[in-house]
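Chemist: Structure here, sequence nowhere to be found:
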């Protein structure tokens, strides 16, 4: 038995070694190893939020925000039916003020995103990087291939319940409204995440996060923050409509000029559309904003990669709102309804990549 056991362990070691070599030998394998390493660092640095709240050596503002996180988490579970497990019961202080850099890419002459394939979650139109050098190298590679690129920071992410995600210092740095929104948004991913449909996943979580945060503050009798949260969401809805209009114009223009021989023509028409879109943003859209500074109209990126990235988080928002209104603005049954419809194939998300 001992000899068999040693052979078994030796065989297991060989298999693990071969598996590790295969990971190191491929770009995806190396990426997953890096992501696993960074996730392990985050998990190993966790500290109980409950203990921190009771620790008088932790500054008062931090403890107050941590209490808010626990309250938002409890509300998400009890009032919205979102599964939390041990998510957001612990806290990790990061060494930097940027958690991850997210890269998107797209063809400059067609609304076709660069897609990356990952285990379990399928193909996604974005890829996260923990190191700036890696993100810049990946962006440079896409640009050299002729793609539009859009690189930006993110303050939170979800492992979809595979690990007990801690609250991160980058998330805690948000104001109270965005903090509660983020907690509910990420727990929504624990409730439902459809492989290969990033637009539905993120837009659904955006909707639940915003309306959930509003309901949370309202349940606490905090009408001021509830109203402020609703105003921010109104601005997101205005932007969602703007991005949808711009997407439609670009898509129609590209499809009216198909084929490789008309590539330069498509790009020229695209540039003209973006010029008009900038003016529309300044003169027609910005005056509708309640919480967004007007200068955003001059600063926001306008190219195919940026438009597609924005659409990932703001697709079909008014359809969500219609279901919400029909349910008497009761969010919990709406969450169940939307999950069921998508799971049964009764909720079609517009194509993210326009096929040629």
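Modeler: Received it, and whenever you're ready, just let me know what you need. Here the structure is a predicted model, which is why all the values come from computation and not from measurement.
Chemist: In the chain, where is pLDDT below threshold?
Modeler: 1-25, 157-163, 349-356 (pLDDT under 70).
Chemist: hey, which helix is longest across it?
Modeler: helix 223-255 (DSSP state H).
Chemist: List the contacts of residue 200.
Modeler: For residue 200, the contacting residues are 194, 315-316, 342, 347, 349, by CB atoms under 8 Å, 6 or more residues apart in numbering. Using the backbone N, CA and C atoms, a C-beta is placed for each residue, glycine as well.
Chemist: Next, format the residues you listed as TSV and append secondary structure, neighbour count and distance to residue 36.
Modeler: Rendered in TSV, the data for the contacts of residue 200 read as follows (DSSP: H, G, I helix; E, B strand; the rest coil; neighbours: other CB atoms under 10 Å; distance: CB to CB, whole Å):
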residue	secondary structure	neighbour count	distance to residue 36
194	coil	17	24
315	coil	23	30
316	coil	20	33
342	helix	18	29
347	coil	20	33
349	coil	17	30
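Chemist: list the contacts for residue 126?
Modeler: With CB under 8 Å, 6+ apart as the criterion, the residues that contact residue 126 are 102-104, 116, 198, 309, 312.
Chemist: Out of those, list just those in strands.
Modeler: Cross-referencing those against strands under DSSP state E gives 102-104, 116.
Chemist: what residues does the helix or strand following the longest helix of the chain touch?
Modeler: Helices and strands here follow DSSP states H and E; after helix 223-255, the next one along the chain is helix 263-280. Judged by CB under 8 Å, 6+ apart, the contacts made with helix 263-280 from elsewhere in the structure are 108-110, 242, 246, 249-250, 253-254, 257, 297-298, 302-304.
Chemist: Could you tell me how many residues sit around residue 55?
Modeler: For residue 55, the number of neighbouring residues by other CB atoms under 10 Å comes to 12.
Chemist: which residues sit in contact with the nearest residue to it once chain neighbours are set aside?
Modeler: The shortest distance from residue 55 to any residue that is not its chain neighbour, by CB to CB, 6 or more residues apart in numbering, is 7.7 Å, and that residue is residue 63. Shown in contact with residue 63 (CB under 8 Å, 6+ apart): 52-53, 55.
Chemist: What number of residues are in the vicinity of residue 267?
Modeler: For residue 267, the tally of surrounding residues (other CB under 10 Å) stands at 16.
Chemist: do the one 10 residues further on as well
Modeler: Neighbour count of residue 277, defined by other CB under 10 Å: 19.
Chemist: any idea how far residue 338 is from it?
Modeler: For residue 277, the distance to residue 338 equals 30 Å [CB to CB, to the nearest Å].
Chemist: tell me which element the most centrally placed residue in the chain is part of?
Modeler: The central residue of the chain, meaning the one whose C-alpha is nearest the mean C-alpha position (CA atoms, centre = their mean), is residue 202 at 5.5 Å. Residue 202 belongs to helix 198-219 when elements are defined using DSSP H and E.
Chemist: Nice, that's everything, thank you.
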